[in-house]
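**Q** Build the 3D model from these lines:
(one chain, ligands or ions: 1)
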Amino acid sequence: MTKPQIWVASFLFLFIVLFLLQKATKTNAPEKDFSQMGKSMMQQESNENLSGAQLMNNFGCLNCHGANLEGTPMGPALVNLKQFWSRDNLINYLRNPNSFMSQKRFQEYKEKYPNMIMPAYSNKDVKDLGKIADYLLSR
Ligand code: HEC
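**A** Predicted coordinates for the structure are as follows:
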């Protein structure tokens with residue numbers, strides 16, 4: 001073989017090797033599991049079937065406010081909220097508790113639960129917060 005022929009041959013060989021390598025890695029690559037994807041999408045939608053009380057459990061509200069909302073050392077009892085909140089204000093409060101801290105009741109909470117803060121739930125679906133508000137206002 002002449003020198004140029006050797007070059008061409010070795011390039012051809014290289015291409016074939018690369019082509020085969022690509023094939024091999026493709027079949028080895030993990031396939032996307034679409035059934036799992038469907039499942040997680042279902043899970044997100046399934047909040048639609050949950051009650052306000054169940055949502056409060058899922059969102060961890062009960063850890064601080066008690067299994068029966070009777071209050072714990074980490075958060076106040078959630079009773080008689082009707083007298084303090086409209087539905088809209090309560091939803092806004094859950095989304096951004098800080099903006100309501102100036103109320104007198106909250107000054108007392110600050111002294112009673114000095115190291116706790118009510119988390120902001122602005123990342124939650126407003127529809128879910130609405131259900132929670134309805135539930136809290138109906139008790
Ligand atoms: C980390 C503990 C903690 C978690 C979790 C928590 N809270 Fe609170 N919550 C507090 C504290 C503490 C206060 C008192 C206000 C303050 O200090 O920020 C409060 C206050 C409130 C109030 C106002 C009570 C009033 O007298 O008007 C409502 C309503 C409330 N929480 C609802 C919820 C809901 C609904 C959830 C779940 C989506 C939740 N909280 C999760 C600690 C918590």
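**Q** Tell me if P4 really is in a strand.
**A** No - counting by DSSP: H, G, I helix; E, B strand; the rest coil, P4 falls outside a strand, being helix.
**Q** what about it, distance to F11?
**A** 11 Å (Cβ to Cβ, to the nearest Å). C-beta: built from backbone N, CA, C; applies to glycine.
**Q** Following the chain onward from the helix or strand of the chain with the lowest mean pLDDT, which element is next?
**A** Counting by mean pLDDT, DSSP states H and E, the weakest-scoring helix or strand in the chain turns out to be helix 34-45, with a mean of 59. Sequence-wise, the next helix or strand downstream of helix 34-45 (DSSP states H and E) is helix 52-58.
**Q** neighbours of the residue lying closest to R87 once chain neighbours are set aside, just the number please.
**A** Closest residue to R87 apart from its sequence neighbours, by Cβ to Cβ, 6 or more residues apart in numbering: A133 at 5.1 Å. Using other Cβ atoms under 10 Å, A133 is surrounded by 23 other residues.
**Q** quick one: contacts for A133?
**A** G52, W85, R87, L90, I91, L94 (Cβ atoms under 8 Å, 6 or more residues apart in numbering).
**Q** So what's the residue count around the residue lying closest to M1 once chain neighbours are set aside?
**A** In this structure, M1 finds its nearest non-sequential neighbour in A9, 7.0 Å apart by Cβ to Cβ, 6+ apart. The burial count assigned to A9 is 11, neighbours taken as other Cβ under 10 Å.
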